[in-house]
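Visitor: the sequence isn't on hand, but the structure is:
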């Protein structure tokens with residue numbers, strides 16, 4: 001997208017630089033523990049966060065797809081974001097997801113995160129009525145950038161959830177303007193993320209890989225970090241993967257990545273809903289009850305037994 005094709009009147013303020021270079025390593029998309037009334041289980045949430053920080057992850061991403069953020073009522077979503085902010089206490093990078101169906105709803109969530117004190121906000125394309133054109137995508141991010149008012153905006157490509165793929169042209173244009181410095185990519189399409197990483201470098205854009213199967217190849221072509229859902233259950237494995245890549249310890253890397261594949265095959269693939277296996281595994285470890293938000297399907301008894309056998313044999 002050329003600058004001539006973009007309405008620059010949407011943005012009327014200068015870019016306020018933040019320390020986006022800190023966004024690297026293992027960023028965990030944290031699940032949201034809930035009770036039987038589908039309210040936030042604060043005790044379990046606190047325990048999960050403390051366990052992740054103890055494992056030396058680099059950051060926490062709250063309210064994304066793993067966190068079932070778009071499924072929560074706004075009052076529960078707000079409490080989740082508030083409690084996560086209190087529990088992390090600036091010890092790690094903290095990102096808040098503001099996924100929703102329109103610019104107005106996304107901007108409302110951005111304002112809530114700003115009031116709480118968040119520095120990083122994660123924006124996907126709006127969904128239900130998917131946005132595919134470059135002009136629509138640019139309009140959304142331009143309006144969100146203006147609302148951020150000093151917060152660092154992170155773009156998030158996850159077409160399996162939003163129904164639309166973010167244009168690399170748009171992402172690089174946003175980066176050239178200084179409106180974004182980081183993008184989370186979860187399509188797992190090799191041609192797409194390779195081009196995004198390569199073109200993003202020239203635009204000053206770093207990329208985090210959210211697809212666990214693709215994370216090694218993405219790191220090898222220049223991704224800055226990984227955002228793996230299974231790290232909720234076994235964060236040290238993913239920290240070891242990232243460090244092994246940095247240190248070029250390929251024998252160790254092979255061992256850790258084999259474990260990543262085992263985790264993926266036995267947790268996200270345990271049932272119909274990929275979140276259910278991860279949440280149930282955490283419940284076996286003593287964090288929450290494993291419940292997923294309606295209408296997502298929980299594990300049945302046979303699937304639960306499979307997860308239990310996997311964890312006990314680890």
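Guide: Done, it's in. This one's a predicted model, so the numbers in the text were calculated from it and none came from an experiment. Numbers count the residues shown, from 1 in each chain.

Visitor: how about the strands of this protein, start to end?
Guide: Remark: strands assigned in the chain by DSSP state E are 25-30, 59-62, 93-97, 120-123, 152-157, 180-185, 206-209, 225-226.

Visitor: closest to residue 275 out of those strands?
Guide: strand 25-30 (10.0 Å; Cβ to Cβ). Glycine gets a C-beta too; all of them are placed from N, C-alpha and C.

Visitor: point out where the stretch 201-314 of the chain drops to low pLDDT.
Guide: Across the stretch 201-314 of the chain, nothing is flagged by pLDDT under 70.

Visitor: swap the cut-off to 80 and go again
Guide: Scanning the stretch 201-314 of the chain for pLDDT under 80 picks out the ranges 314.

Visitor: which other helices and strands does the top helix by length along the chain contact?
Guide: Assignment by DSSP state H gives helix 250-266 as the longest helix of the chain. Applying 3 or more Cβ pairs under 8 Å, 6 or more residues apart in numbering; DSSP states H and E, we find helix 250-266 packed against helix 215-220, helix 235-247, helix 301-313.

Visitor: tell me where the model's unsure across the stretch 1-150 of the chain.
Guide: Residue ranges of the stretch 1-150 of the chain with pLDDT under 80: 1-22.

Visitor: the stretch 1-150 of the chain: helices as residue ranges?
Guide: 42-54, 74-88, 103-116, 134-148 (DSSP state H, counting those that start in this stretch).

Visitor: so for residue 289, which of these sits nearest?
Guide: Closest of those to residue 289 is helix 42-54, at 8.0 Å (criterion: Cβ to Cβ).

Visitor: list the buried residues in stretch 175-191.
Guide: 175, 177, 179-189 (16 or more other Cβ atoms under 10 Å).

Visitor: name the nearest of those relative to residue 149.
Guide: Nearest member of these to residue 149, counting by Cβ to Cβ, is residue 179, at 12.2 Å.

Visitor: neighbours around the closest residue in space to the closest one that isn't next to it in sequence, how many?
Guide: Counting by Cβ to Cβ, 6 or more residues apart in numbering, residue 179 lies nearest to residue 145, which is 4.6 Å off, once chain neighbours are set aside. Using other Cβ atoms under 10 Å, residue 145 has 23 neighbouring residues.

Visitor: which of the residues in stretch 90-101 are buried?
Guide: For stretch 90-101, a neighbour-count test (16+ other Cβ under 10 Å) marks 92, 93, 94, 95, 96, 97, 98, 99, 100 as buried.

Visitor: same question, stretch 254-270
Guide: For stretch 254-270, the neighbour count (16+ other Cβ under 10 Å) marks 256, 257, 259, 260, 262, 263, 264, 266, 267, 268, 270 as buried.

Visitor: over to stretch 48-60?
Guide: So stretch 48-60, judged by 16+ other Cβ under 10 Å, has buried residues 48, 49, 51, 52, 53, 55, 57, 58, 59, 60.

Visitor: may I see those organised as JSON lines, with distance to residue 275 added?
Guide: Output for those, formatted as JSON lines (distance: Cβ to Cβ, whole Å):
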{"residue": "48", "distance to residue 275": "14"}
{"residue": "49", "distance to residue 275": "17"}
{"residue": "51", "distance to residue 275": "18"}
{"residue": "52", "distance to residue 275": "17"}
{"residue": "53", "distance to residue 275": "22"}
{"residue": "55", "distance to residue 275": "20"}
{"residue": "57", "distance to residue 275": "19"}
{"residue": "58", "distance to residue 275": "22"}
{"residue": "59", "distance to residue 275": "20"}
{"residue": "60", "distance to residue 275": "16"}
